[in-house]
Every structure is written in structure tokens, then in C-alpha cells.
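Chemist: compute the structure for the input listed below.
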Amino acid sequence: MAPSSFPCRVCGQATQGVDAYVVCPACLLGFEMRFRERVGDGVDHLPSIAGDVEARLRQLLDDW
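Modeler: Just a heads-up that it's a prediction; the model follows:
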């Protein structure tokens with residue numbers, strides 16, 4: 001599936017993605033900063049969503 005432009009689910013800014021469930025880099029950075037403030041700097045990175053989990057999440061969002 002080729003990337004297309006969709007509005008960010010948080011701020012509405014046009015963002016590249018393979019479907020409408022996209023969040024722009026600025027909103028992701030804001031989320032990560034708030035997460036680090038809450039949890040602490042001991043977190044090296046946010047875990048990525050693995051393929052099967054991502055597919056299941058997208059299916060749940062589509063059904064919702």
C-alpha cells in the first residue's frame with residue numbers, strides 16, 4: 001500500500017500514512033515528552049507495535 005496524505009488524528013495537520021490512522025511527528029514527539037515526564041528518563045525508547053499487533057489494532061479501529 002502506497003503512503004497517502006491524511007489528517008493527523010490529534011491536530012489535523014496533513015500527514016503521510018498508509019491509512020487514516022496517522023499521527024504527525026510533532027504530536028508523537030509531544031506524546032513521548034509527556035510519557036517521559038510521567039515515567040522518567042530511564043526509558044530508552046517507546047516500544048514499536050509489532051506487525052501482528054498493529055494489524056489487530058487496525059482491525060479493531062476499523063470495526064469501531
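
Chemist: just for this structure, where's the confidence low?
Modeler: 1, 40-51, 64 (pLDDT under 70).

Chemist: what about the helices in it?
Modeler: 25-39, 51-63 (DSSP state H).

Chemist: show me the residue sitting in the middle of the protein in space.
Modeler: Val23 (5.0 Å; Cα atoms, centre = their mean).

Chemist: so it sits against Pro7, correct?
Modeler: No. Val23 lies out of contact with Pro7 (Cβ atoms under 8 Å); the separation is 10.2 Å. Where C-beta positions appear, they are placed from N, C-alpha and C, glycine not excepted.

Chemist: anything in contact with each of these two?
Modeler: Thr15 (Cβ atoms under 8 Å, 6 or more residues apart in numbering).

Chemist: for the nearest residue to Tyr21 once chain neighbours are set aside, grab the count of nearby residues.
Modeler: Once flanking residues are discounted, Tyr21 sits nearest to Leu61: 5.8 Å by Cβ to Cβ, 6 or more residues apart in numbering. Residues lying near Leu61 (other Cβ atoms under 10 Å) number 12.

Chemist: tell me how far Leu61 lies from Glu37.
Modeler: Applying Cβ to Cβ, to the nearest Å, the value for Leu61 to Glu37 is 27 Å.

Chemist: and if you look at Cys8?
Modeler: Distance from Cys8 to Glu37, by Cβ to Cβ: 21 Å.

Chemist: more neighbours, the two?
Modeler: Taking other Cβ under 10 Å, Cys8 and Glu37 do not tie; Cys8 has more neighbours (17 against 9).

Chemist: quick one: contacts of stretch 14-34?
Modeler: Contacts of stretch 14-34 (Cβ under 8 Å, 6+ apart): 1-11, 13, 46, 58, 61.

Chemist: what is the most widely separated pair among the residues you listed?
Modeler: Ala2 and Leu46 (25.9 Å; Cβ to Cβ).

Chemist: so those two - more neighbours on which side?
Modeler: Ranked by neighbour count (other Cβ under 10 Å), Ala2 and Leu46 place Leu46 first, with 12 against 5.
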